[in-house]
Structures are given as C-alpha cells and as structure tokens.
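Asker: generate coordinates for the sequence data below:
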Amino acid sequence: MSTAPSRRDYSLIGRDAKLAVETGLSAAEWYHTDVPRKQMKELMQRSDGPAIRDTAIWFAALIVSGAGGAWFWGSWWCVPFFFVYGVLYGSSTDSRWHECGHGTAFRTQWMNDAVYQIACFMIMRNPVTWRWSHTRHHTDTVIVGRDPEISVMRPPDLVRAMLGFAGVLDAWHAMSDMLRNAAGTVSAAEKTFIPEQEQPKAIRVARIWTAIYAATVGLALYTGSFLPLMLVGLPRLYGAWHHVMVGLLQHGGLADNVTDHRLNSRTVYM
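Answerer: Residues are numbered from 1 along each chain as shown. Prediction:
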C-alpha cells in the first residue's frame, strides 16, 4: 500500500530546509555548460548609455503619467494616467531591482545602486534583505526550504496566485516585514540568509521607509484626499498585475526556472 507524500514545508527554518542540507541539495554543484572565457567576456560587456536613456524615459513617463493623474484627479480622465503610472511604478520596477541588483543594467556601479534603491522602494522589497535573499535564490534555486523566492508552490494555491495580480499578499507581507524590521526585529528566516553585519542596514532602511509612508498617510489625512497614496504606495497594488503576469510566464515551468537561474541569464530591462 502506497502512502500519500507529505506536504512540502517551504519555510526556511522548517523540516525541508534541514533535509535539503542533509541530502546535499543545498549549495550543490550543478552541471553547467562551459563557455570560453573570451566569449563570456564579450557577452558580459556593459555600457551606461542604453541604461541611462531607458531610465530617463522611465522617469519622464512616471512624471507625465503621475502629473496627469493628479491634474485630472476627481474625474474619469485620471484613470488612463494612473493605469500607466501604476504599471511603471508597481511592475516595471521588478526588472529594475533585479538587473541593477546584479549590476547588469549600467556599467557604473553607483548608477546601478541608485536605481536599485529606488526600484526596491517602489516594489516594496527591502534592498538589503532582497540582495541577500536573491543571492540565496541563485545558490539554491527552487530548493524547497532553502529558496526564499519560490513564486509558485506545489500544490498550487490558485487563490494566492489570483491575489498576486492585485499585489495584496505581497504588499501585506512587505509592510509587515517593514514594520517588524523598523522595530528592530529580524526574523529567524531572514537570519538564515542575511549576514549578521548586514542586519542593522535592513533595519535602518525599514525605518526610513516607515517614515516616508507615515508622511504620505499624514499628507493624505491632512488634505482629505487619497491622491498622495495613489502616487506613493497604492501603485504597488493597482500596478502589480503586469510583473506578476510576465513573472508567471517566465517561471511557469520548473525546468525553465532552473535553467534560467543556473545560467544567471540577463533579463529584459523593461
């Protein structure tokens, strides 16, 4: 008689995390195709020009769409402007934090760092936490109990997947983590991948962000208008659908997910 398999434990401090280490899945040496050094250097050439151009266009589009939404606030004419603004704020930042975090968007590192910080704020991902989270993700890609960035778990939770298109769960967890970090607490799971000397930086960022969001809420209450929140914070909800859609398409298959991340391939800088 066969027994039903036990449910996977995706916690970073749970049963499957320990099992991954014991069985050698964690930090394993996977097969990779050798690429000649000369060819690899050619493939890894970077330049500031295209990224500066694209970033200038991005900021200009954010300013125009945000200003248009504010100008027409209170009428239906604001909807198309906020539709564009939301996607630029809540979705296009997903590729920006990723590429700038890897240092592949710009050749000049401080430019990568600057856009990384801005994009992380917009998509509500602590830049310190996610830098180390993503390092673990590439080390133990889709290893249950080790990879903190598995987007689709098995068996799939369809309700969770649908809520993702509105950014509800992501934003809720992001705000909860931000407030917890701002209070000076780093979770047990975060401690498994954030080096101890980096944890105070995560706390400092969370406190700065908390102050920004508090000021935005205060301004909304003072003016009696949702407009400040439509420009800061809420776009992470109403503009999340696009990055969730392309993310699910990119990582829909386990084999594609592993192949993409083992090769550390460069993604589109949208």
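
Asker: tell me, how many residues neighbour the nearest residue to Ile123 once chain neighbours are set aside?
Answerer: In space, and not counting its chain neighbours, Ile123 is closest to Thr93: 4.4 Å by C-beta to C-beta, 6 or more residues apart in numbering. From N, CA and C alone the C-beta is placed, and that goes for glycine too. For Thr93, the count of nearby residues is 28 (other C-beta atoms under 10 Å).

Asker: now do Gly74
Answerer: Gly74 is flanked by 9 other residues according to other C-beta under 10 Å.

Asker: ok, Tyr213 next?
Answerer: Using other C-beta under 10 Å, Tyr213 is surrounded by 18 other residues.

Asker: would you agree it is in contact with Gly233?
Answerer: Yes - Tyr213 lies in contact with Gly233 (C-beta atoms under 8 Å); the separation is 6.2 Å.

Asker: tell me which helix or strand the closest residue to Pro195 other than its chain neighbours sits in.
Answerer: Nearest residue to Pro195 in three dimensions, chain neighbours excluded: Trp132, at 6.9 Å (C-beta to C-beta, 6+ apart). Assigned by DSSP states H and E, Trp132 belongs to helix 127-139.

Asker: I'd like the average pLDDT over that helix.
Answerer: Averaging pLDDT along helix 127-139 gives 89.

Asker: next, the buried residues of that helix.
Answerer: Neighbour counts using 16 or more other C-beta atoms under 10 Å place Pro127, Val128, Thr129, Trp130, Arg131, Trp132, Ser133, His134, Arg136, His137 of helix 127-139 among the buried residues.

Asker: so how far is Ala60 from the third one?
Answerer: Which is Thr129. 30 Å (C-beta to C-beta, to the nearest Å).

Asker: before we move on, back to that, dump whichever helix or strand comes after the helix holding Trp132 to PDB, restricted to CA.
Answerer: Sequence-wise, the next helix or strand downstream of helix 127-139 (DSSP H and E) is helix 158-164. C-alpha atoms of helix 158-164 as PDB (Å, rounded to 0.1, in the frame of the first residue of the first chain):
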ATOM      1  CA  LEU A 158      -4.900  29.400  -7.000                       C
ATOM      2  CA  VAL A 159      -6.400  31.900  -4.700                       C
ATOM      3  CA  ARG A 160      -3.000  33.200  -3.700                       C
ATOM      4  CA  ALA A 161      -2.000  33.300  -7.400                       C
ATOM      5  CA  MET A 162      -5.000  35.400  -8.200                       C
ATOM      6  CA  LEU A 163      -4.500  37.800  -5.300                       C
ATOM      7  CA  GLY A 164      -0.900  38.300  -6.600                       C
END
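
Asker: any chance you could list what contacts helix 158-164?
Answerer: Taking contacts as C-beta atoms under 8 Å, 6 or more residues apart in numbering, the residues outside helix 158-164 that touch it are Val152, Leu169, Asp170, Ala240, Val244, Leu248.

Asker: just the buried residues of the helix or strand following that helix, please?
Answerer: Next helix or strand after helix 158-164 toward the C-terminus (DSSP H and E): helix 168-182. For helix 168-182, burial by neighbour count (16+ other C-beta under 10 Å) applies to Asp170, Ala171, Ala174, Met175, Asp177, Met178, Asn181, Ala182.

Asker: could I get these as JSON lines with distance to Leu19 and pLDDT?
Answerer: Shown next, in JSON lines, are these (distance: C-beta to C-beta, whole Å; pLDDT from 0 to 100):
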{"residue": "Asp170", "distance to Leu19": "27", "pLDDT": "89"}
{"residue": "Ala171", "distance to Leu19": "32", "pLDDT": "91"}
{"residue": "Ala174", "distance to Leu19": "29", "pLDDT": "93"}
{"residue": "Met175", "distance to Leu19": "32", "pLDDT": "95"}
{"residue": "Asp177", "distance to Leu19": "26", "pLDDT": "95"}
{"residue": "Met178", "distance to Leu19": "31", "pLDDT": "97"}
{"residue": "Asn181", "distance to Leu19": "29", "pLDDT": "96"}
{"residue": "Ala182", "distance to Leu19": "34", "pLDDT": "97"}
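
Asker: for those residues, which one is nearest Ala202?
Answerer: Proximity of these to Ala202 (C-beta to C-beta) peaks at Asn181, which lies at 5.6 Å.
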